[in-house]
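[1] Fold the following for me, if possible:
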Amino acid sequence: MAGIRRRFRIEAALGTASFALLVLTLVWHDWIETVFGADPDQGSGLAEWLVVAVLAVVTITFAVLARMDLRRLRAAGALSSGGP
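    This is a model prediction of the structure:
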């Protein structure tokens with residue numbers, strides 16, 4: 001159970017981080033150019049939309065994986081009333 005609990009926490013953290021980057025990219029389109037000092041799409045915005053699409057897939061994937069682990073923990077009765 002400890003392995004599932006640890007995996008759940010990692011998946012939840014990575015899902016949260018990818019969601020935060022997704023929102024950041026939607027709100028502030030030029031963060032990629034500012035952070036990396038490069039303009040890979042020469043101002044067309046294509047790179048930002050590709051980043052949004054990839055981060056959306058990553059976020060959904062980690063959310064689904066974390067949900068599956070949470071269900072396993074609940075089914076095994078390994079969760080206390082305080083959460084994982």
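
[2] Check what pLDDT residue 3 gets.
    pLDDT recorded at residue 3 is 81.

[3] Could you count how many residues lie near it?
    8 (other CB atoms under 10 Å). Where you see a C-beta, it was placed from the backbone N, CA and C, and this is true even at glycine.

[4] Find the residue ranges of the chain scoring beneath the pLDDT cut-off.
    Low-confidence segments of the chain, defined by pLDDT under 70: 78-84.

[5] which one's the longest helix in it?
    Counting by DSSP state H, the longest helix found in the chain is helix 46-76.

[6] Mind giving me the packing neighbours of that one?
    helix 2-27, helix 31-36 (3 or more CB pairs under 8 Å, 6 or more residues apart in numbering; DSSP states H and E).

[7] Could you figure out how far it is turned away from helix 2-27?
    150 degrees (axes from the mean of the first three to the mean of the last three CA atoms, to 10 degrees).

[8] For helix 46-76, list every residue counted as buried.
    For helix 46-76, burial by neighbour count (16 or more other CB atoms under 10 Å) applies to 47-48, 51-52, 55, 58-59, 62-63, 65-66, 69-70, 73.

[9] mind checking which helix or strand residue 41 is in?
    For residue 41, there is no helix or strand it lies in under DSSP states H and E.

[10] if we can go back for a sec, closest one of the buried residues of helix 46-76 to residue 12?
    residue 66 (4.7 Å; CB to CB).

[11] residues contacting that closest one?
    8, 11-12, 15 (CB atoms under 8 Å, 6 or more residues apart in numbering).

[12] Give the closest residue to it in space, chain neighbours not counted.
    Spatially, and ignoring its direct neighbours in sequence, residue 66 is nearest to residue 11 (4.0 Å; CB to CB, 6 or more residues apart in numbering).

[13] Return the closest of the contacts of residue 66 with respect to residue 77.
    When these are ranked by distance to residue 77 (CB to CB), residue 8 comes first, at 14.9 Å.
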